[in-house]
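J.: mind looking at a prediction? Sequence and model below.
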Amino acid sequence: MSPNPPARVMIIGAGPAGMSCALWLHNLGLEPGLIDSEKAPGGAMQLNFLNNNWVLGQRNMSGLEMAARFAEHIDSIGVPLLLETRPTHIALDGAGFRVTLETPEGLRSEEADAIVLATGTRYRGRELLLGLPGFARCDPGRLRYGPHCFTRLSVLASKRLLVIGGGDNALENATLALEAGARVTVATRGQFRGQARYLDRLAAAPECALHADARLTDLQSSANGLTATLEGAAGRWQIEVDRVHLLAGYAPNSGFLDATLGQGLAAPERDAAGYLVVDAQGRCSTPGFYAAGDVGNPAFPNILSALAQGAQVAKTIESDFKNASRT
């Protein structure tokens, strides 16, 4: 009796979670394949412009440099990687799946015994301001969103900056801008929830004003930049700024599933914010689907947890198929 062939696993998303999962699946003797809609692997690491001091052993490397190192590892072990590729249809096919892919060369069909969703998150940006009075007439060069707020901070010397957001990214961005010589205002709809070291530094700086429970209600072009109207418990007030940075968090890349799943294939469960709901081992509610990384991790999205979850999902898939072969 011949042994069962190794399970074929399609991993959608070639960020740290997807590449970690592919590495572990390969080492465990399964057959992984990676696809990603972008031109280069790395996911959110491609937008991490600051030097890293959080991933052990990778000190002072940017996200771009780490992404290149991860991708080189995947290439060295021969795991197939299709870039600028996205799934357009996922259908049941016997005990597995048939996936139609849109590639730069056209449509192609692939078989998979399991599917790993490692599509990560996207930063929330310009779409949040589209209905704001005056926004459409503002100079787009004076507006930055998400990770792009961290580029070319040196040009902010002696400039007036409004940062919208109250989490770690917003407070770190405000701190770096302050260190670059900017005069900074930070406003958030709720309470500040970022790290105390950033909040304490900003609160102690005379060149910084912090406004909790405040929201941006109007943004107009002015002769010297932008006029921002803020509204909060203290009423309404206006400030003149040279630039606005919007750091309003992230949303999961899970919406593509709604138009992709074929008849009879139940969509994996998602929470109210769209994050995939998984069990402790990374299984989705739909049999044969697994999730790793930020798309299923609203509590602590980062490179470290993504790498760990990718490895965990690979072990889960190996265990699930080993158990299935015994029945």
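T.: Everything's here; your move. Quick caveat, the model's predicted, so the values are computed rather than measured.

J.: from here on, just use CA atoms for contacts and neighbour counts.
T.: Noted.

J.: quick one, what contacts L162?
T.: Listed by C-alpha atoms under 8 Å, 6 or more residues apart in numbering, the contact set of L162 reads 184-187, 241, 243-245.

J.: for the stretch 1-150 of the chain, which spans come out with low pLDDT?
T.: 1-3 (pLDDT under 70).

J.: and for the residue nearest to R270 when sequence neighbours are not counted, the neighbour number?
T.: The shortest distance from R270 to any non-neighbouring residue, by C-alpha to C-alpha, 6 or more residues apart in numbering, is to L276 (4.4 Å). Residues near L276, counting by other C-alpha atoms under 10 Å, number 26.

J.: picking up where we left off before, which single one of the contacts of L162 is nearest to G106?
T.: H245 (38.6 Å; C-alpha to C-alpha).

J.: what are the pairing partners of the helix or strand in which that closest one is found, and which direction each?
T.: Element membership for H245, per DSSP states H and E: strand 243-246. Partners of strand 243-246 in the sheet, by DSSP bridges, are strand 143-145 (parallel), strand 160-164 (parallel).

J.: got the contact list for Y250?
T.: 121-124.

J.: okay, those in a markdown table with distance to R201 next?
T.: Formatted as a markdown table, these follow (distance: C-alpha to C-alpha, whole Å):
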| residue | distance to R201 |
| --- | --- |
| T121 | 29 |
| R122 | 28 |
| Y123 | 25 |
| R124 | 26 |
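
J.: using a markdown table, lay out those residues together with secondary structure and distance to S37.
T.: Shown next, in a markdown table, are the contacts of Y250 (DSSP: H, G, I helix; E, B strand; the rest coil; distance: C-alpha to C-alpha, whole Å):
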| residue | secondary structure | distance to S37 |
| --- | --- | --- |
| T121 | strand | 13 |
| R122 | strand | 13 |
| Y123 | strand | 16 |
| R124 | coil | 18 |
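
J.: picking that back up, look at the residue nearest to R270 and report its pLDDT.
T.: Here, the pLDDT recorded for L276 equals 98.

J.: list the contacts of the nearest residue to L153 once chain neighbours are set aside.
T.: Among residues not flanking L153 along the chain, A177 sits closest, at 6.1 Å (C-alpha to C-alpha, 6+ apart). Taking C-alpha under 8 Å, 6+ apart, we find A177 in contact with 153-154, 156-157, 183-184.

J.: for A177, what is the enclosing helix or strand?
T.: helix 168-179.

J.: the next helix or strand along the chain from that helix versus helix 168-179: what angle between them?
T.: Beyond helix 168-179 in the direction of the C-terminus, DSSP H and E gives the next helix or strand as strand 183-187. Interaxial angle of strand 183-187 relative to helix 168-179 (axes from the mean of the first three to the mean of the last three C-alpha atoms, to 10 degrees): 160 degrees.

J.: what lines up beside strand 183-187 in the sheet?
T.: strand 160-164 (parallel), strand 208-211 (parallel).

J.: number of residues surrounding P104?
T.: When neighbours are counted by other C-alpha under 10 Å, P104 comes out with 11.

J.: so what's it closest to, chain neighbours aside?
T.: Per C-alpha to C-alpha, 6+ apart, closest to P104 is E84, 6.5 Å.

J.: A strand includes that neighbour, no?
T.: No - under DSSP: H, G, I helix; E, B strand; the rest coil, E84 falls outside any strand and is assigned coil.

J.: what's the spacing between it and A40?
T.: For E84, the distance to A40 equals 8 Å [C-alpha to C-alpha, to the nearest Å].

J.: tell me the contacts of the residue most central in space within the chain?
T.: Nearest to the geometric centre of the chain sits T121, at 2.9 Å (C-alpha atoms, centre = their mean). T121 makes contact with 44, 250-253, 294-295 under the criterion C-alpha under 8 Å, 6+ apart.

J.: same thing but 7 Å
T.: The contact partners of T121, by C-alpha atoms under 7 Å, 6 or more residues apart in numbering, come to 250-253, 294-295.

J.: out of these, who has the most neighbours?
T.: Counting neighbours by other C-alpha under 10 Å, D294 leads the contacts of T121 with 30 neighbours.
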